[in-house]
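S.K.: below is the sequence, then the predicted model.
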Amino acid sequence: MCGISCSYRCPTHHNKRLLNRGPDHQNSVRIRDKFILTAYILYVQGHCKQPCHSENHHLLYNGQIFDYPQAFGSDTEYLLHLISDAGVLATAQQTSGPHSIIVYDEDKDKLWFWRDYFGRRSLLISQRVDGFLLSSVGDSGSDWVEVPSCGIFCFSNSELTCYPYDDRQEQCLQFGEKLDVTVVISSETLRSPISALNTNPDVSKSLDWESQSDDFIKLLFKSVQKRDACCSYPLRIDKDRISDYISRHCYCVSEVTCTVHQDWIPSNARVAVLFSGGIDCTVLAGLLHRSVPENEPIDLLNVSFGDVENTPDRLSAVASYDDLQRIAPNRVWNLIKVNVSREELSASRDRHITDLLFPHNTVLDDSIGCALWFAARGAGVCQHKPMLSSARLLFSGIGADELMGGYSRHRGAWQNGHGIEGVISEIQKDINRISERNLGRDNRVIGDHMRDSVAPFLDEEFVSFVNSLPIQYKVNFTLPRGQGEKIILRRVAEKLGLRSSSLLPKKAIQFGSKIAKLEGKKEKGGDVCQRLNKKKFRDNPE
């Protein structure tokens, strides 16, 4: 993972948030007195300095290729080889996994940039007087726009062209409207990297639960295993690291000491799970146990606000933790309880989180972003002792609800008379818009802690399999909450011996962690969050 930026005819973007994303290596390259490419690298797999270049191409790469040939020293070197050999468009069509990419073709004087189909890595753009900036993170004091995951963009001769995915041309036009520039839509399109959703509403066919559940486990485990394999070692946690961490992310607030301890115990784990105790993250933890050597610990990061021991997410995390201990008694499971006070939440929002969320600025963005930021920080209590997670790689359950009808709006579509066709339509909408709603924001927030994140449910091969399943494997809303959603995933949880999580209903993180209640205000999730706007006003008081 890394922070990348590219400036065109304007000062480069040296944002401290970029440095937080990539502490292992930093470098800038000026090209033709008009482009400045900058990279801040966190090594997860392989060691390749960036920006890297071939005879004609300069590359900035924030992403992961999980199955690259070992003859190459890193996935970045392999990607540069593909671009130099086959060209940008052909390479983009065959590149899977999470990524945001910037490529300058010096021979043709073209700048290419894009994000993966699901938008799992952040990339923002901001116009300047005579040019523009591209960056992994921005700030709340400038007009940044997210680069949409709708295709591949090419800037040449002051013209911006999009080579769209065949199912996302409309988003390219909307991007141009946000920037107030004309985007030329190329007739040369890219194939979607996932199979189309099965839209057959016929629920009369017999089901083969055993076979489909086995295939589900096989493909999801494959997704988990290749992501685990890309992380070779944990973060270094020593006194110097702790002091540096405190200075960057932790401090005291009006005589209320936040979760900071000079005597923090490092967890010694390579990997961690963002752990609410719900079915998505618990199944990932169960499969991660099969991949990670048994002598290594696995961190479970659980965040709560206010009355921390009685939040729904804390109670479900403890129950699911007991399940994991029962099925894997020889594994060290570090359930790290991240407890956050109102004072620390307010101070951290102003000092860190608002800039990371931007350009997202709703009440829902604030709640989810703050909860994820504290969870990813990994500083809490484990077995009554202060512990700091040393995990370099965090596993997230994002995507399961979108793919398998886990949100209340899916049940609502069925209850409101739209039937199973309405449910299928809602799932299709969620798959289409996941990149613009969630993943860029989440990547900016989690990456601020010098950690990378992965989403196994959004592996292209796994998504194609789930999309191919008839709808009755996913939902049956004649059953109550906690049973009628994500049915095949509940079957899988039972197969893995995870009984507690298999019966838990969906609880959104803003409610499960009680961050919404801590604010004590009646707000709608889609409203502009005034707490974020106040910070912007203080920075720009005109």
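M.R.: Looks like it arrived, so ask away. Numbers count the residues shown, from 1 in each chain.
S.K.: what's the longest helix along the chain packed up against?
M.R.: Of all segments of type helix in the chain, defined using DSSP state H, the longest is helix 209-229. Judged by 3 or more CB pairs under 8 Å, 6 or more residues apart in numbering; DSSP states H and E, helix 209-229 is in contact with helix 279-291, strand 393-395, helix 460-468, helix 487-495. In short, each C-beta sits where N, CA and C put it, glycine included.
S.K.: nearest to Gln50, out of the ones you listed?
M.R.: Ranking these by proximity to Gln50 (CB to CB) places strand 393-395 first, at 19.3 Å.
S.K.: name the helices or strands packed onto that closest one?
M.R.: helix 209-229, strand 271-274, helix 279-291, strand 452-454.
S.K.: including distance to Glu344, mean pLDDT and mean neighbour count, could the ones you listed go into a markdown table?
M.R.: A markdown table is the format used below for these (distance: least, CB to CB, whole Å; pLDDT from 0 to 100; neighbours: other CB atoms under 10 Å):
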| stretch | distance to Glu344 | mean pLDDT | mean neighbour count |
| --- | --- | --- | --- |
| helix 209-229 | 31 | 97 | 17 |
| strand 271-274 | 19 | 98 | 26 |
| helix 279-291 | 24 | 97 | 24 |
| strand 452-454 | 22 | 94 | 26 |
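S.K.: low-confidence stretches in the stretch 401-542 of the chain?
M.R.: Across the stretch 401-542 of the chain, the ranges flagged by pLDDT under 70 are 520-521, 534-542.
S.K.: now do the helices in it.
M.R.: 408-413, 419-434, 440-447, 460-468, 487-495, 499-502, 509-512, 515-519, 530-539 (DSSP state H, counting those that start in this stretch).
S.K.: got the angle for the fourth one vs helix 209-229?
M.R.: Orientation check (axes from the mean of the first three to the mean of the last three CA atoms, to 10 degrees): helix 460-468 against helix 209-229 gives 160 degrees.
S.K.: distance from helix 460-468 to the middle of the chain?
M.R.: In terms of CA atoms, centre = their mean, to the nearest Å, the centre of helix 460-468 is found 18 Å from the chain centre.
S.K.: same deal with the fifth one?
M.R.: Centroid separation between helix 487-495 and its chain, computed with CA atoms, centre = their mean, is 24 Å.
S.K.: what comes up buried for stretch 150-165?
M.R.: Of all the residues in stretch 150-165, those buried under the rule 16 or more other CB atoms under 10 Å are Cys150, Gly151, Ile152, Phe153, Cys154, Phe155, Leu160, Thr161, Cys162, Tyr163, Pro164, Tyr165.
S.K.: pick the one among those residues closest to Ser502.
M.R.: Tyr165 (35.4 Å).
S.K.: from what I see, that closest one and Cys172 are in contact.
M.R.: No: contact criterion CB atoms under 8 Å: Tyr165 and Cys172 do not qualify, at 9.2 Å.
S.K.: which neighbours do these two share?
M.R.: Cys150, Gly151 (CB atoms under 8 Å, 6 or more residues apart in numbering).
S.K.: what number of residues lie near Ala196?
M.R.: 11 (other CB atoms under 10 Å).
S.K.: let me fix that, I meant to ask about Ala347.
M.R.: The number of residues packed near Ala347 is 17, by other CB under 10 Å.
S.K.: same question for the one 5 residues further on.
M.R.: Per other CB under 10 Å, the neighbour tally for His352 reads 21.
S.K.: pretty sure it contacts Asp448?
M.R.: Yes: assessed by CB under 8 Å, His352 is found in contact with Asp448 at 6.5 Å.
S.K.: quick one: secondary structure of the residue lying closest to Asp280 once chain neighbours are set aside?
M.R.: Leaving aside its chain neighbours, Asp280 sits nearest to Gly397 (3.0 Å; criterion: CB to CB, 6 or more residues apart in numbering). Secondary structure state of Gly397, per DSSP: H, G, I helix; E, B strand; the rest coil, is coil.
S.K.: and Gly397, backbone torsions?
M.R.: Backbone geometry at Gly397, expressed as degrees, to the nearest 10, gives phi -90, psi 10.
S.K.: how much space separates it from Gly380?
M.R.: 19 Å (CB to CB, to the nearest Å).
S.K.: can you check Leu19 too?
M.R.: From Leu19 to Gly380 the distance is 24 Å (CB to CB).
S.K.: what of Asp299?
M.R.: 10 Å.
S.K.: circling back: of Gly397 and Gly380, who's got more company?
M.R.: Gly380 (26 against 23).
S.K.: wait, what's in contact with the residue lying closest to Ile265 once chain neighbours are set aside?
M.R.: Excluding the flanking residues, the one nearest Ile265 by CB to CB, 6+ apart is Met387, at 4.9 Å. Taking CB under 8 Å, 6+ apart as the criterion, Met387 is in contact with Trp264, Ile265, Pro266, Ser267, Asn334, Ile336, Ala379, Gly380, Val381.
S.K.: where along the stretch 101-250 of the chain do the strands fall?
M.R.: Under the criterion DSSP state E, counting those that start in this stretch, the stretch 101-250 of the chain contains strands at 110-115, 124-127, 132-135, 144-146, 151-156, 159-164, 183-185.
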